[in-house]
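Peer 1: Task: produce atomic coordinates for the following.
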Amino acid sequence: MMEKKTFQTLMNRLFIFFPNWNIKLEDPHVAKEWYQQFESCTDQEFSLMIQTYIDKETYPPTVAGLKQYLIEQQRKSMEQLEWEQTIKQWDRGNE
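Peer 2: The predicted structure is shown next:
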């Protein structure tokens, strides 16, 4: 589970790169709603998702826009695991 401090730091980073982003994170209700959308992320997942969004997007973020990069990360992780299993099976067959 992501630390609230990590969430706060990285959301503030989005404001630096998307200065016209119209979101009121200083409102506790708004901040809580946004946090709840991502609280199951690890700090590392959230950080990578935010950086990827900053690197690739030109418009201010939405929950769905950010989650698109989280899903992409998870898919790559699953593909990496499948690839590693394939390599292990191949190695076993060549022993």
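Peer 1: from here on, contacts and neighbour counts on C-alpha atoms
Peer 2: Fine.
Peer 1: What is the least confident helix or strand in the chain by mean pLDDT packed up against?
Peer 2: Lowest by mean pLDDT, DSSP states H and E among the helices and strands of the chain is helix 63-93, with a mean of 76. Packed against helix 63-93 by the contact rule (3 or more Cα pairs under 8 Å, 6 or more residues apart in numbering; DSSP states H and E) you find helix 43-56.
Peer 1: coming back round to it: mind listing what's buried in the least confident helix or strand of the chain?
Peer 2: 66-67, 69-70, 73 (16 or more other Cα atoms under 10 Å).
Peer 1: ok and that helix relative to helix 43-56, angle-wise?
Peer 2: 110 degrees (axes from the mean of the first three to the mean of the last three Cα atoms, to 10 degrees).
Peer 1: middle-most residue in this protein, spatially?
Peer 2: For the chain, Met49 is the residue whose C-alpha lies nearest the centre (Cα atoms, centre = their mean; 2.6 Å).
Peer 1: where's it relative to Tyr69, distance?
Peer 2: Using Cα to Cα, to the nearest Å, Met49 is found at 5 Å from Tyr69.
Peer 1: Likewise for Ile16?
Peer 2: According to Cα to Cα, Ile16 and Tyr69 sit 19 Å apart.
Peer 1: can you check Glu3 too?
Peer 2: Using Cα to Cα, Glu3 is found at 19 Å from Tyr69.
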